[in-house]
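Participant: Sharing a model that was predicted from the sequence below.
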Amino acid sequence: MTDWPTIELTDVERFRALAAGVPGAVVTERVLPAEPDRVKAMLADLAVFAEVQADLVSATVLERVGDRVVVRAKGKRGQRARLTGQFRPGWCWLQSRFLIMGMAVAAEPGGGTRVALTGGIRVPGRAAIVPIRVRQESARSLDRLERLLRA
């Protein structure tokens with residue numbers, strides 16, 4: 001038996017810690033007036049996730065083993081990426097050679113659901129994001145998600 005303290009982290013808190021290790025990553029958060037299970041279920045659908053993301057046209061799972069995935073993503077300007085990482089209800093962290101994108105969902109004390117996003121163009125050879133327009137793109141993605149939840 002040890003006397004080490006333990007702590008339970010929400011997926012959003014875990015997400016903030018992960019993003020803090022990526023230079024240039026900016027986490028944008030919003031509390032949405034919806035139940036966490038509904039938000040998680042909606043974002044667990046990769047087609048909806050791609051619709052929410054500001055620059056994506058589509059995302060297709062190429063391989064899946066548990067929550068580990070390989071995804072082919074297509075951008076609005078014709079760019080393509082082969083992303084690998086974790087994708088499960090309420091959590092996503094995907095990266096390719098040139099792109100990082102992530103999302104986390106957690107129940108908000110007092111009601112609603114906190115959604116956190118990050119992403120951007122990755123600096124090749126480094127775990128870093130070029131921080132150009134990341135906040136604006138994430139805010140647009142959260143606006144899209146909010147509209148989908150109201151529909």
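Facilitator: Thanks, I have it.

Participant: drop to CA atoms for contacts and neighbour counts, all remaining ones
Facilitator: Fine.

Participant: And the strands in this protein, which stretches?
Facilitator: Ranges of strands in the chain, per DSSP state E, are 28-32, 56-65, 68-75, 80-88, 91-95, 99-107, 113-122, 129-130.

Participant: so how far is Gln53 from Ala47?
Facilitator: Taking CA to CA, to the nearest Å as the measure, Ala47 and Gln53 are separated by 10 Å.

Participant: Kindly report the same for Arg97.
Facilitator: Separation of Arg97 from Gln53 (CA to CA) stands at 18 Å.

Participant: Compare neighbour counts for the two and give me the winner.
Facilitator: Gln53 (24 against 16; other CA atoms under 10 Å).

Participant: what residue ranges in the protein score low on pLDDT?
Facilitator: 1, 127 (pLDDT under 70).

Participant: Taking the centroid of it, which residue is nearest it?
Facilitator: Met103 (1.8 Å; CA atoms, centre = their mean).

Participant: partners of the residue nearest to that one when sequence neighbours are not counted in the sheet?
Facilitator: Nearest residue to Met103, sequence neighbours excluded (CA to CA, 6 or more residues apart in numbering): Leu117, at 4.5 Å. Leu117 forms beta bridges with Thr28, Met103, as assigned by DSSP bridges.

Participant: Measure how buried Leu117 is and give me the count.
Facilitator: Neighbours of Leu117 using other CA under 10 Å come to 30.

Participant: how close does it sit to Thr2?
Facilitator: For Leu117, the distance to Thr2 - CA to CA - is 36 Å.
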